[in-house]
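Participant: give me a model of this one.
(one chain, ligands or ions: 1)
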Amino acid sequence: MVHETGVANAQTVIELGSGSGAITTCIAESMRSDARLLGIENNSTFIEPLRQQFPQAQFIQGCASRVRCIAGEKDFLFADCILSTLPWSIFTPELRDAVIGAVHLTLAGNGVFATAVCYGTQHLPAGRDLEKSLRAVFRRVKVSPPVVWNMPPMRVYYCSK
Ligand SMILES: C[S@@+](CC[C@H](N)C(=O)[O-])C[C@H]1O[C@@H](n2cnc3c(N)ncnc32)[C@H](O)[C@@H]1O
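Facilitator: I've put the predicted structure just below:
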């Protein structure tokens with residue numbers, strides 16, 4: 001996911017839902033030394049450990065739907081890459097669409113938004129609605145084959161304007 005999104009060539013990278021930092025580690029290892037990383041995480045208990053583990057990055061406690069506002073404040077408009085492992089299936093349709101809309105406004109014209117979801121959720125109503133919303137907002141949406149070596153298996157949507 002990090003490789004496909006082009007993190008290695010990015011100047012500005014935003015991660016939504018950094019959590020315990022598993023994806024953050026891959027992002028940090030792939031980024032250029034002069035690139036900048038901003039993580040937005042809702043759960044305040046993750047913020048301090050993330051700041052300690054990745055002192056070169058910035059982490060803000062807040063909802064991903066505020067990504068445009070936070071990115072504006074932190075000089076991350078318009079980001080080259082936005083990556084997420086957000087739990088879309090527990091979002092209300094309003095929150096899902098608010099996040100997708102804000103991501104679209106935050107992304108650079110040639111940027112890529114990648115979001116990983118559990119494989120199989122595309123057959124459930126929430127998964128189908130997520131794909132529909134992504135396709136309604138982004139011009140191109142590419143879906144990865146199942147990533148079966150991940151537990152649980154995932155698939156990734158790569159979205160661009
Ligand atoms: C599946 S976990 C991500 C796991 C993360 N990649 C890791 O390595 O731990 C989803 C994360 O999204 C965060 N999250 C959930 N809703 C959010 C929201 N509206 N805005 C920002 N983060 C959110 C959760 O707190 C959780 O850390």
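Participant: and this protein, which of its residues are near the ligand?
Facilitator: 16-17, 19-23, 40-43, 46, 63-64, 85-87 (C-beta under 6 Å from any ligand atom). C-beta coordinates here come from the backbone N, C-alpha and C atoms, glycine included.
Participant: can I get the buried part of those residues as one ChimeraX selection?
Facilitator: This is the ChimeraX syntax for the buried subset of these, where burial follows 16 or more other C-beta atoms under 10 Å:
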select :16,17,19,21,23,40,41,42,46,64,85,86
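Participant: the residues of the chain next to the ligand in strands, which ones?
Facilitator: With strands taken from DSSP state E, the overlap with the residues of the chain next to the ligand comprises L16, I40, E41.
Participant: so who does the second one touch?
Facilitator: For I40, the contacting residues are 14-18, 59-60, 62-64, 66-67, 70, by C-beta atoms under 8 Å, 6 or more residues apart in numbering.
Participant: how about the contacts made by the nearest residue to L95 once chain neighbours are set aside?
Facilitator: Leaving aside its chain neighbours, L95 sits nearest to S65 (6.2 Å; criterion: C-beta to C-beta, 6 or more residues apart in numbering). S65 is in contact with L95, A98, V99, A102, counting by C-beta under 8 Å, 6+ apart.
Participant: how about stretch 30-42: buried residues?
Facilitator: Buried residues in stretch 30-42, counted by 16+ other C-beta under 10 Å: S30, M31, A35, R36, L37, L38, G39, I40, E41, N42.
Participant: kindly indicate which of those lies nearest the ligand.
Facilitator: Ranked by distance to the ligand (C-beta to the nearest ligand atom), the buried residues of stretch 30-42 are led by N42 at 3.6 Å.
Participant: for R140, see how far away the residue nearest to that closest one when sequence neighbours are not counted is.
Facilitator: Spatial nearest neighbour of N42, excluding adjacent residues (C-beta to C-beta, 6+ apart): C63 at 5.7 Å. Distance, C63 to R140, by C-beta to C-beta, to the nearest Å: 26 Å.
Participant: with T85 instead?
Facilitator: 21 Å.
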